[in-house]
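S.K.: Fold the stuff below for me.
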Amino acid sequence: MALRYLGNGPYCTANSLSIIFGDDGPGPATIEVLTGSPYGISIHGDDEYTYFTPDRWNPEFGITSALDLLGWECDRTAGSADAAVAVLRGASREAPVLVGPVEMGLLPYIPGLGRAIGADHNVVVVGMEGDLVRAHDVQGWPFVTMPLESLLKAWQADTFAYRVDAYAVRSNFRRTRMVDPHTAVRRSLPTAIELLDGPESAAAAERSARIVEAGLTNMQYKYLVEYQVQAGARRFADATAQLDAIGCRRAAAVADRQALLIGSLQLLLVTHEAARAAATFRELAPTYGQLRQALVDDLGQRIPDSGVAAARIR
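M.R.: Sure, this is the predicted structure:
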């Protein structure tokens, strides 16, 4: 049995959905894997930030995939501040609303920020008191409040390295099908195989190695050591456990090695051991192709219990 990681981690979407699902949800580890986020590495933006997610992946795709695989539906609106506010005013503890992505740096209750940093985030709105929004922020602030005006500013979705809709909000969550979590993970594997592009991710890992060797900018460094390394390592730790639980032993072994490699980057980056960090990225490069092949081998080149077609990516 794979050793599971428990504790804090940058799983804003998976943790937020777990709040909304309550006892009917499978927990954040399963949800995160079902989003498809572990299955790649990419470089985004003019500032060349390393993301431990596939190049063709984005949070919208991940949420949609996880909901479908788990048998959940919701209402979604985006693009209109007025429509979004109307949804917020209907939020309650019994009918929570998922808001985001929002710019974490512009959320007024987070100390030490106060400016856009390109960090996408989600919050669960549980009500409004006049023009004061009350929310659960899974980064560590239950029942936090913020002025509606501040939320709208953070919600414009124009500071990220990828394109997303402004004022995206999901409400009226309902379970329409009963799906066992192991079944959901099995059904996610065609998309995992589709997302896993060995040459594509290998090139991004090699580019990351060269960026480290050339010297990280302040924001590249902060993005890696304060978010991406812990996110990437946890995603693969959770993927290891999920794959092991459904009998994909070869794939679980590769994912476990990926978790160890990404986790080891934290100390190397913080202590500025650039050569060793770059070597670790290069060691990681071929593992994405290896994981794809291991999934194909584990499944005998046929996906069992594939009750839904592979999700269309972008």
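S.K.: How about residues contacting the host helix or strand of residue 144?
M.R.: Element membership for residue 144, per DSSP states H and E: strand 141-147. With contacts defined as C-beta atoms under 8 Å, 6 or more residues apart in numbering, strand 141-147 is touched by 107-110, 126, 129, 131-137. Placement of C-beta: from N, CA and C, glycine included.
S.K.: Make CSV from those residues and add distance to residue 218 and secondary structure to it.
M.R.: Compiled in CSV, the contacts of strand 141-147 are given as follows (distance: C-beta to C-beta, whole Å; DSSP: H, G, I helix; E, B strand; the rest coil):
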residue, distance to residue 218, secondary structure
107, 21, coil
108, 23, coil
109, 24, coil
110, 19, coil
126, 36, strand
129, 38, strand
131, 36, coil
132, 34, strand
133, 32, strand
134, 34, strand
135, 30, strand
136, 31, strand
137, 25, strand
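S.K.: From residue 156, how far out is residue 206?
M.R.: In this view, residue 206 and residue 156 are 34 Å apart by C-beta to C-beta, to the nearest Å.
S.K.: if we can go back for a sec, spell out which strands sit alongside the strand holding residue 144 in the sheet and which way each one runs.
M.R.: Strand 141-147 pairs in its sheet with strand 132-137 (antiparallel), by DSSP bridges.
S.K.: pLDDT on the strand it pairs with, on average?
M.R.: Averaging pLDDT along strand 132-137 gives 98.
S.K.: and that strand, how far from the chain's centre?
M.R.: 21 Å (C-alpha atoms, centre = their mean, to the nearest Å).
S.K.: Stretch 50-70 too?
M.R.: 7 Å.
S.K.: and what of stretch 155-168?
M.R.: Using C-alpha atoms, centre = their mean, the offset of stretch 155-168 from its chain centre is 15 Å.
S.K.: when you give positions from now on, start the count at 697
M.R.: Okay, residue one is now 697; in that scheme the one you just asked about reads as stretch 851-864.
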